[in-house]
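Undergrad: test case, fold it:
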Amino acid sequence: MKTTDHFKRTIQMYLEQRAAEDALFAKNYRNPAKNIDDCVTYILNYVQKSGCNGFTDGEIYGQAVHYYDENEIEVGEPIQCKVAVNHVVELTAEEKAEARQNAIRQYQDEELRKLQNRNKPTAKKETKVEPSLFDF
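TA: Sure, this is the predicted structure:
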């Protein structure tokens, strides 16, 4: 199945977090007869049957949980499609500090290069001075 890997990882991360917080769901999530590929196929078939183009995170996550909660569920055929995931990446305080330090370092390196290039002596071109008629 060719789904967007980012979509699959996003669903899987949500399900793993939910399983860590909810013991009842964790039991269903660990069902060996269920897997993330079939879960994604189920979600994509649900979306296709609905005829809608956009869904909230809650609707999609709800379908993922539904797939794992139901023992007898029709997954459907794999669908060839691309899935867009609109998520904002939230950085931890450590990641923000590291990104800030990297940006400062990059800026300093760039400014240093500018200074070094400005202070480099340029090769002087030899210019031939031709005497004019007034020099004679």
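Undergrad: quick one: buried residues of the longest helix that the chain contains?
TA: The residue-count maximum for a helix in the chain (DSSP state H) belongs to helix 93-119. Residues of helix 93-119 include none that count as buried (16 or more other CB atoms under 10 Å). Just so you know, the C-beta spots here come from the backbone N, C-alpha and C atoms, and that holds for glycine as well.
Undergrad: cool, stretch 75-93 as well?
TA: Across stretch 75-93, burial judged by 16+ other CB under 10 Å covers 75, 79, 83.
Undergrad: now it: average pLDDT?
TA: The average pLDDT within stretch 75-93 is 79.
Undergrad: what sits up against it?
TA: 1-4, 6-7, 10, 38, 41-42, 44-45, 48, 67, 99 (CB atoms under 8 Å, 6 or more residues apart in numbering).
Undergrad: among these, which one sits closest to residue 16?
TA: residue 10 (11.1 Å; CB to CB).
Undergrad: the helix or strand hosting the closest one: how far from the chain's middle?
TA: Assigning secondary structure by DSSP states H and E places residue 10 in helix 5-21. Here the centre of helix 5-21 is set off from its chain's centre by 14 Å, with CA atoms, centre = their mean, to the nearest Å.
Undergrad: still on that earlier bit, pull the distance from the longest helix of the chain to the chain's centre.
TA: That offset, for helix 93-119, works out to 24 Å (CA atoms, centre = their mean).
Undergrad: what of stretch 62-71?
TA: Using CA atoms, centre = their mean, the offset of stretch 62-71 from its chain centre is 25 Å.
Undergrad: for the helix holding residue 10, name the packing helices and strands.
TA: helix 23-29, helix 36-50, helix 57-69 (3 or more CB pairs under 8 Å, 6 or more residues apart in numbering; DSSP states H and E).
Undergrad: coming back round to it: make a PyMOL selection of the buried ones in the contacts of stretch 75-93.
TA: Buried residues among those (16+ other CB under 10 Å), as a PyMOL selection:
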select buried, resi 3+7+10+38+41+42+44+45+67
